[in-house]
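# need a 3D model of the following:
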Amino acid sequence: MRLAAATIASRSRVALARATALTFRRFHPELPFFLLLADEPHESIRSEQEPFEILPFCEIQAPEESRFRFRYGELELSYAATPFLIGRLLELGFDGVLFLKQETLVLDRLDPLFELLARHSILLTPHFLEPPRGRDAFTRERNVLRAGVFNGGVVAFSRCQEARRVLDWWQQKTLRLCLLEVEEGLHYEQRWLDFFPSLAPSCGIVRDPGINVGHWNLAERRIAVRDGRVTACGVPCRIFRFSGYEPHRPDWVTRYNPELRVESTGEAAGVFRRYQLLLEECGWRHTFGLRYAWEYFDNGERITPAMRRLYRLLGDEVERFGNPFLSAGEGSFYSWLRSHAPHLLVGGGRG
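As a prediction, this is how the structure comes out:
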């Protein structure tokens, strides 16, 4: 089975992708690891000096590409591109593709995961494998009800008709509906995963407590560290996720819960310290300062979330604007903003 692993990041978050790729390659040097760069190229990010092979965004061949890039902000776009990246790698001839979202460490070999993938069309990892415990149990349960049963940070697809059908459907959703609108039932690309087990009869659910450990299930996974090896509930901890971790706030577990501090996580605190050191080695202090190229019109004016929201609300009407990043011409979206929503351009700033 010809396998590949991949992640997605913009330039400012490429240090996180480096950490993921380095740890994956440590245990699986025989397998290729790809980064979809959801941004313009940068001189400091080149495949020959990275632990991954870089795919330019155009490689995924997303329909209406410029509109796709304009519709979403930096993180939203990286989430929305997930099914397109997986689909493209399967088209390139890989029999199975493991997607690992940025903010991930691989801590052991993933052979059990790949063996499962050989028997299933899709692999999903649930947020919980047992009922949550502790004072915040209901809060965590409610958060998962809003975000989705399955976590989008670890997803795998095999090359088969069933998986392709689900990928096509998922792509249709994330092309325009990769949004955080919880009251409308949307949580980026992730909430759509709830449909997969019913859409794909051979979809597999990973029930290994050592895979996809994160802040949402730390209380149940019982992390232990012995001689540098990490276990969860007594089994090898293979994939540890750091969703919402911010290296400039190393004492916080996640920005999604500022009250949850690393020092309160028991032996897992050592894993967080290991991740922080690796991010330092991967140059996060430099990469976090890199400008997101698709946050600006070609005249240097910043594209704000309000502009993107209005663009989405216009639906198919935006086709007449052509490339939305271009500011010149009476038929451009920028010119339309000047006529119909000039208040959105005031104080937009320049890059």
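# the host helix or strand of Thr7 packs against which elements?
Assigned by DSSP states H and E, Thr7 belongs to strand 3-9. Counting contacts by 3 or more Cβ pairs under 8 Å, 6 or more residues apart in numbering; DSSP states H and E, strand 3-9 packs against helix 14-27, strand 33-37, helix 74-80, helix 82-91, strand 96-100. C-betas here are computed from N, CA, C, even on glycine.
# name the helices or strands packed onto the longest helix belonging to the chain?
In the chain, taking DSSP state H as the definition, the longest helix is helix 161-177. Packing partners of helix 161-177 (3+ Cβ pairs under 8 Å, 6+ apart): helix 74-80, helix 82-91, strand 122-126, helix 196-199.
# residues in contact with it?
Applying Cβ atoms under 8 Å, 6 or more residues apart in numbering, the external contacts of helix 161-177 come out as 62-64, 68, 71, 79-84, 86-87, 90, 121-122, 157, 186, 189, 192, 196, 199-203, 312.
# those residues, buried ones only, as a PyMOL selection?
In PyMOL, a selection of the buried entries from these looks like this (16 or more other Cβ atoms under 10 Å):
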select buried, resi 62+68+71+79+80+81+82+83+84+86+87+90+121+122+157+186+189+192+196+200+203+312
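# which ones are touching Glu64?
Leu175.
# same check, this time on the one 10 residues further on
When contacts are counted by Cβ under 8 Å, 6+ apart, Glu74 is found next to 10, 12, 38-39, 292, 294-295.
# low-scoring stretches of the stretch 51-200 of the chain, by residue?
Along the stretch 51-200 of the chain, no part satisfies pLDDT under 70.
# residues near Val213, how many?
Neighbour count for Val213, taken as other Cβ atoms under 10 Å: 27.
# need the longest strand for the protein.
Longest strand in the chain, counting residues (DSSP state E): strand 150-158.
# by contact count, what packs against it?
The criterion is 3+ Cβ pairs under 8 Å, 6+ apart, and the helices and strands that strand 150-158 contacts are helix 82-91, strand 96-100, helix 111-117, strand 122-126, strand 211-213, strand 239-241.
# format those as JSON lines; extra columns: distance to Ala219.
Listed next are these as JSON lines, based on distance: least, Cβ to Cβ, whole Å:
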{"stretch": "helix 82-91", "distance to Ala219": "28"}
{"stretch": "strand 96-100", "distance to Ala219": "23"}
{"stretch": "helix 111-117", "distance to Ala219": "23"}
{"stretch": "strand 122-126", "distance to Ala219": "15"}
{"stretch": "strand 211-213", "distance to Ala219": "11"}
{"stretch": "strand 239-241", "distance to Ala219": "15"}
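# for Ala21, which of the ones you listed is the nearest?
Evaluated over the helices and strands packed on strand 150-158, closeness to Ala21 peaks at strand 96-100, with 8.9 Å, by Cβ to Cβ.
# which strands and helices sit next to that closest one?
When contacts are defined as 3+ Cβ pairs under 8 Å, 6+ apart, strand 96-100 sits against strand 3-9, helix 82-91, helix 111-117, strand 150-158.
# before we move on, back to that, just the angle between the longest strand of the chain and strand 122-126, please?
Counting by axes from the mean of the first three to the mean of the last three Cα atoms, to 10 degrees, strand 150-158 lies at 160 degrees to strand 122-126.
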